[in-house]
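below is the structure, and that's it, no one-letter string:
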């Protein structure tokens, strides 16, 4: 194998390792963002559920589950 072909192979390997690391960093960052969004959605769901429970427990005049938006 000539020095030139060996150098080309080494350059390709270095490029692929760099690209692999960059993609790994992106996937890790996206996974952290997904985890944060899931936690936030869960908190919002819990809060909505508790608000609905309070609204129905107080026998309020407004039933959020049955309320229709004005465009209907």
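Nice, I can see it. Everything numeric here is computed off the predicted structure, so don't read it as measured data. Residues are numbered from 1 along each chain as shown.

report the central residue of the chain.
Ranked by distance to the mean C-alpha position of the chain (CA atoms, centre = their mean), the top residue is residue 34 at 2.2 Å.

how about that residue, secondary structure?
Under DSSP: H, G, I helix; E, B strand; the rest coil, residue 34 falls in the helix class.

equivalent analysis for the one 4 residues further on, please.
Per three-state DSSP, the local secondary structure of residue 38 is helix.

what confidence value was assigned to it?
pLDDT for residue 38: 98.

and for it, the neighbour number?
Using other CB atoms under 10 Å as the criterion, residue 38 is surrounded by 10 other residues. C-beta coordinates here come from the backbone N, C-alpha and C atoms, glycine included.

distance of it relative to residue 45?
Computed with CB to CB, to the nearest Å, the distance linking residue 38 and residue 45 is 10 Å.

for residue 69, same thing?
As judged by CB to CB, residue 69 and residue 45 stand 20 Å apart.

more neighbours: those two, which one.
More crowded of residue 69 and residue 45, by other CB under 10 Å: residue 45, with 10 against 5.

what's the pLDDT at residue 10?
Predicted confidence (pLDDT) for residue 10: 97.

can you get me a residue count around it?
The number of residues packed near residue 10 is 10, by other CB under 10 Å.

helix or strand: which one has residue 24?
Following DSSP states H and E, the helix or strand that holds residue 24 is helix 3-57.

just checking, what packs against that helix?
Packed against helix 3-57, as judged by 3 or more CB pairs under 8 Å, 6 or more residues apart in numbering; DSSP states H and E, are no other helices or strands.

ok now it, how far from the chain's centre?
How far helix 3-57 lies from its chain's middle: 7 Å, per CA atoms, centre = their mean, to the nearest Å.

how near is residue 71 to residue 52?
As defined by CB to CB, residue 71 lies at a distance of 22 Å from residue 52.

low pLDDT regions in this structure?
58-67, 72 (pLDDT under 70).

80 - rerun?
54-72 (pLDDT under 80).
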